[in-house]
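Asker: Starting from these lines, generate the structure:
(4 chains)
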There are 2 protein chains.
Amino acid sequence: MGAQVDGRPDGEPGVPRADSAAERPEERVGAAAEPMQLVHLLRGLTVELDLFGAEFAGRHGLHPTDLRALIHLLDAARAGTVVTPGRLGAALRLNSAGTTGLVDRLERLGLIRRERDPGDRRKVRLLVEDRAMELGQDFFGGLIGDLVAAMGRFDAGELATAQRFLQSMTAVVAAAREE
Amino acid sequence: MGAQVDGRPDGEPGVPRADSAAERPEERVGAAAEPMQLVHLLRGLTVELDLFGAEFAGRHGLHPTDLRALIHLLDAARAGTVVTPGRLGAALRLNSAGTTGLVDRLERLGLIRRERDPGDRRKVRLLVEDRAMELGQDFFGGLIGDLVAAMGRFDAGELATAQRFLQSMTAVVAAAREE
DNA sequence: CCAACAATCTCGCTGAGCGAGAGAATAGTC
DNA sequence: GACTATTCTCTCGCTCAGCGAGATTGTTGG
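Answerer: Got it, this is the predicted structure:
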């Protein structure tokens, strides 16, 4: 689904193409990576990943928000950081009422457990249950295996380039969100 | 999902990683980009793009679904294909009731217009208003400009590699959704 | 001890999206 | 031609995620 992103007549970003070489498709056969094509590819990829997540969530009786929360919780668990409802809500851009609802839901599903923080008893720690780990494994496991396998068809230099590219794009999007 | 750019969502359950060595500006030579790092980069990028979209939507009184619908409609408009409520709903995975609600909303916002299909009078054509184009431009315009500018720091060969990489990853995710 | 602040939760509400099904138009069959 | 099946959209009633406002409980600094 979806390929084009801008509502314009023809793939013109709102900016003069600063890019020189990549613009002449006729030269360099096979290496004609149009910037706009790449933009659309990026978007297409995120759409696919989004849909993948949404479908997984639906299959397991979760809402998209629940899945995002699960991801956040698993990340934090691996990093060894403590997650409280406040932090979780901030990460997902929910207000406190919505966050309480979310946490209730996850607890009811047996994915997490609430535990009062002994140090500051206003706080609540969200502890991930094994069941959540398994769910995360189900979700990512297969896909990650496939992704990594597909990466095997690129050599080290190419992967390094891809990495730099993705880092660069991520930074741009993150920066754009700041304003 | 590491809402905050800092918070490095790191790692997947049960997958080993060996970070450190992952630092390498110039490619070639042994140092391979860690596949897992790339997986996380991909995920991080989609998270950023998602948040970017959600924040834009909120700022304009739209719901995430509305924005997705808008993108789909603009894509179709550019491609010259006709969009009906049925097609739109299928693309966004909404049932017919939800789709009607969505279309009502978009119409109320002045972004689209309903028009009976003269050929098959059961169908309704969704026509994009100029206002929607402008909104799309607002949304993507700046970001696309920034992305393209950032791509200017890569040479043609690198962009070609990035393109192949993204195509490959997209194919994997799309395939995973099939099962 | 008493404000001021912080973290979470409760209450009431709005509205997106669902299931079921009602119309309305078309396509196929006798 | 009527008769049934199918397709497309919309209506109705409902559930529940998430919001705003504020209550509750815990902490901290004067």
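
Asker: So the host helix or strand of residue A:50, near DNA strand C or not?
Answerer: For residue A:50, the host element (DSSP states H and E) is helix A:35-59. No - counting by Cβ under 7 Å from any atom of the strand, DNA strand C is not contacted by helix A:35-59; separation bottoms out at 8.5 Å. Backbone N, C-alpha and C define where each C-beta goes, glycine included.

Asker: Next secondary structure element downstream of that helix?
Answerer: Moving toward the C-terminus from helix A:35-59, the next helix or strand (DSSP H and E) is helix A:64-79.

Asker: Buried ones in that next one, by neighbour count?
Answerer: Of the residues in helix A:64-79, A:65-78 count as buried by neighbour count, 16 or more other Cβ atoms under 10 Å in any protein chain shown.

Asker: closest to residue B:42 among these?
Answerer: residue A:71 (13.2 Å; Cβ to Cβ).

Asker: before we move on, the earlier item: output those of the buried residues of helix A:64-79 also counted as contacts of chain B.
Answerer: Contacts with chain B within the buried residues of helix A:64-79, counted by Cβ under 8 Å from any Cβ of the partner chain: A:68, A:71, A:72, A:74, A:75, A:78.

Asker: Stretch A:58-68 and DNA strand D in contact?
Answerer: Yes - counting by Cβ under 7 Å from any atom of the strand, contacts between stretch A:58-68 and DNA strand D involve A:63, A:64, A:65.

Asker: Quote the end-to-end distance of that stretch.
Answerer: 13 Å (Cα to Cα, to the nearest Å).

Asker: Give me the residues contacting that stretch.
Answerer: A:53-54, A:56-57, A:70, A:92, A:94, A:102, A:105-106, A:109, A:135, A:138-139, B:1 (Cβ atoms under 8 Å, 6 or more residues apart in numbering or on different chains).

Asker: Mind picking out the helix or strand in chain A with the poorest mean pLDDT?
Answerer: Scoring the helices and strands of chain A by mean pLDDT, DSSP states H and E places helix A:35-59 at the bottom, with a mean of 85.

Asker: Tell me which residues of stretch A:111-125 come out buried.
Answerer: By neighbour count on 16+ other Cβ under 10 Å, the buried set for stretch A:111-125 is A:111, A:112, A:124, A:125.

Asker: quick one: average confidence on that stretch?
Answerer: Summarised as a single mean, pLDDT over stretch A:111-125 is 96.

Asker: and what of stretch A:78-96?
Answerer: For stretch A:78-96, mean pLDDT is 95.

Asker: and after the host helix or strand of residue A:141, which helix or strand comes next?
Answerer: Using DSSP H and E, residue A:141 falls within helix A:130-151. Next helix or strand after helix A:130-151 toward the C-terminus (DSSP H and E): helix A:156-178.

Asker: which helices and strands does that next one pack with?
Answerer: On a contact count with 3 or more Cβ pairs under 8 Å, 6 or more residues apart in numbering or on different chains; DSSP states H and E, helix A:156-178 meets helix B:35-59, helix B:130-151, helix B:156-178.

Asker: buried sites along it?
Answerer: A:157-166, A:169-170, A:172-174, A:176-177.

Asker: how far off helix A:64-79 does the helix holding residue A:141 point, in degrees?
Answerer: Orientation note: helix A:130-151 sits at an angle of 90 degrees relative to helix A:64-79 (axes from the mean of the first three to the mean of the last three Cα atoms, to 10 degrees).

Asker: tell me how far stretch A:146-162 is from the chain's mean position?
Answerer: 19 Å (Cα atoms, centre = their mean, to the nearest Å).

Asker: Skipping its backbone neighbours, what lies nearest residue A:171 in space?
Answerer: Counting by Cβ to Cβ, 6 or more residues apart in numbering or on different chains, the nearest residue to residue A:171 once its immediate chain neighbours are dropped is residue B:150, at 7.6 Å.

Asker: Find the nearest non-adjacent residue to residue A:110, please.
Answerer: Nearest to residue A:110 is residue A:131, by Cβ to Cβ, 6+ apart, at 5.3 Å.

Asker: tell me the SS of residue A:125?
Answerer: Here residue A:125 is recorded as strand under DSSP: H, G, I helix; E, B strand; the rest coil.

Asker: Which elements pack onto the helix or strand hosting residue A:114?
Answerer: Using DSSP H and E, residue A:114 sits in strand A:112-116. Strand A:112-116 sits against helix A:96-108, strand A:124-128, with contacts defined as 3+ Cβ pairs under 8 Å, 6+ apart.

Asker: how about the longest one, does it reach DNA strand D?
Answerer: This points to helix A:96-108. Yes - for helix A:96-108, a contact with DNA strand D is found by Cβ under 7 Å from any atom of the strand, at A:96, A:97, A:98, A:101, A:102, A:105.

Asker: Do that helix and DNA strand C come into contact?
Answerer: Yes - using Cβ under 7 Å from any atom of the strand, we find that helix A:96-108 touches DNA strand C at A:96, A:97, A:99, A:100, A:103.

Asker: would a markdown table of those residues with neighbour count be doable?
Answerer: Supplementary listing: those in a markdown table, determined by neighbours: other Cβ atoms under 10 Å in any protein chain shown:
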| residue | neighbour count |
| --- | --- |
| A:96 | 11 |
| A:97 | 9 |
| A:99 | 20 |
| A:100 | 14 |
| A:103 | 20 |
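
Asker: so the residue of chain A found nearest DNA strand C is in which element?
Answerer: Across chain A, no residue is closer to DNA strand C than residue A:86, which sits at 2.4 Å (Cβ to the nearest atom of the strand). Assigning secondary structure by DSSP H and E places residue A:86 in helix A:85-92.
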